[in-house]
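Chemist: Below: sequence and its predicted model.
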Amino acid sequence: MTIKLGIAPIAWTNDDMPELGAANTFEQCISEMALAGYTGTEIGNKYPKDPAVLKSYLEPRGLSVASAWFSAFLTTQPYEETEAEFIKHRDFLHAMGAEVIVVSEQGHSVQGQMETPVFAEKPVFTEQEWKRLTEGLEKLGELAREKNMRIVYHHHMGTGVQTTEEIQRLMDNTDPEKVSLLFDTGHLVFSGEDPLEIYNMYQHRIYHIHFKDIRRAQMEEVKQQSMSFLNGVKAGVFTVPGDGVIDFSPIWQAIKNSGYSGWIVVEAEQDPELANPFIYAKNAREYIKQVTKI
């Protein structure tokens, strides 16, 4: 097993709501990541886009790039438009030494809509959209393999691939050699799924992991008040491992038993004015060390 521990910059500056953490600088973010004990990062909107420049900031801090989010629009736009953007994204990540590319279908997604209820208005793909999604993802997977990389699909709240049934359909209808899975604890629990069931079912296809925790009271508020995903984030539905309701011990045992190799990335978007990113990152690192001994 070779497991590396990273953290996402979304705790410092939120890409979907740039007002959250607007005052936090890129250098503060990566310096605090390193100080908290992490060796990897995903990519935020304040990160330099030139690989050489980005490396010049990350390498002195002992950080490398684990991956970065890519928004696909396979269900709503011509495939060629997604492909063109994907190739640029792939080549940037390849230059940074990343081995996986996080892909999430954003066609019809409500995750970025401030007033749309995340549960009541969750999109459901048509048969034709499923076909376009699965075929398009396999093509992206082939492009990734050209660089000896993999795409890892990110199931996500407010999208057409969120539930256990939808994850199963995606996995059943794509080639394991072309489409892998990202395992995100927070999104599964928020949606009402069983993360252990998903991990055990698809451990052979999981090549990237997000550790995210959930605050139960805020999760129930999102459901009862028909809140949007973004307002749920602002209300504090997500937090770091060890601060919410998820018991990571059995999840870690499943990961360990499966022989997983790759990144585990702490990701918990919160309002940094309410949840100091460095303190929460440090607390998460200490909790993970207790649970995993790494």
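Modeler: Done, it's in.

Chemist: which residues touch residue 280?
Modeler: 11, 239, 240, 243, 268, 270 (C-beta atoms under 8 Å, 6 or more residues apart in numbering). All C-beta spots, glycine's among them, are computed from the backbone N, C-alpha and C.

Chemist: is it true that it lies in a helix?
Modeler: Yes. Membership of residue 280 in a helix is supported by DSSP: H, G, I helix; E, B strand; the rest coil.

Chemist: Return the distance of it relative to residue 105.
Modeler: Taking C-beta to C-beta, to the nearest Å as the measure, residue 280 falls 29 Å from residue 105.

Chemist: Also residue 126?
Modeler: Counting by C-beta to C-beta, the gap from residue 126 to residue 105 is 13 Å.

Chemist: So for these two, which sits in the more crowded spot?
Modeler: residue 105 (28 against 11; other C-beta atoms under 10 Å).

Chemist: Could you check the pLDDT of the more buried one?
Modeler: You'll see residue 105 listed with a pLDDT of 98.

Chemist: Run through the bridge partners of it.
Modeler: residue 72 (DSSP bridges).

Chemist: you'd agree it is up against residue 134?
Modeler: No. The criterion here is C-beta atoms under 8 Å, and residue 105 misses it with residue 134 at 10.2 Å.

Chemist: Are we agreed that residue 220 is in a strand?
Modeler: No. Counting by three-state DSSP, residue 220 is not part of a strand but helix.

Chemist: and it, how many neighbours does it have?
Modeler: Neighbours of residue 220 (other C-beta under 10 Å): 11.

Chemist: now do the one 3 residues further on
Modeler: Around residue 223 there are 15 other residues, counting by other C-beta under 10 Å.

Chemist: again, but for residue 91
Modeler: As a burial measure, residue 91 scores 12 neighbours (other C-beta under 10 Å).

Chemist: what about the helices in the stretch 51-200 of the chain?
Modeler: For the stretch 51-200 of the chain, the helices defined by DSSP state H, counting those that start in this stretch occupy 51-58, 79-95, 127-145, 164-172, 185-191, 195-202.

Chemist: which one of those helices lies closest to residue 120?
Modeler: Across the helices of the stretch 51-200 of the chain, residue 120 has its closest neighbour in helix 185-191 (13.5 Å, C-beta to C-beta).

Chemist: from the middle of its chain, how far away would stretch 23-37 be?
Modeler: Put simply, stretch 23-37 sits 19 Å off its chain's centre (C-alpha atoms, centre = their mean, to the nearest Å).

Chemist: Only the buried residues of it, if you could.
Modeler: Within stretch 23-37, the residues scored as buried using 16 or more other C-beta atoms under 10 Å are 24, 26, 28, 29, 30, 31, 32, 33, 34, 36.
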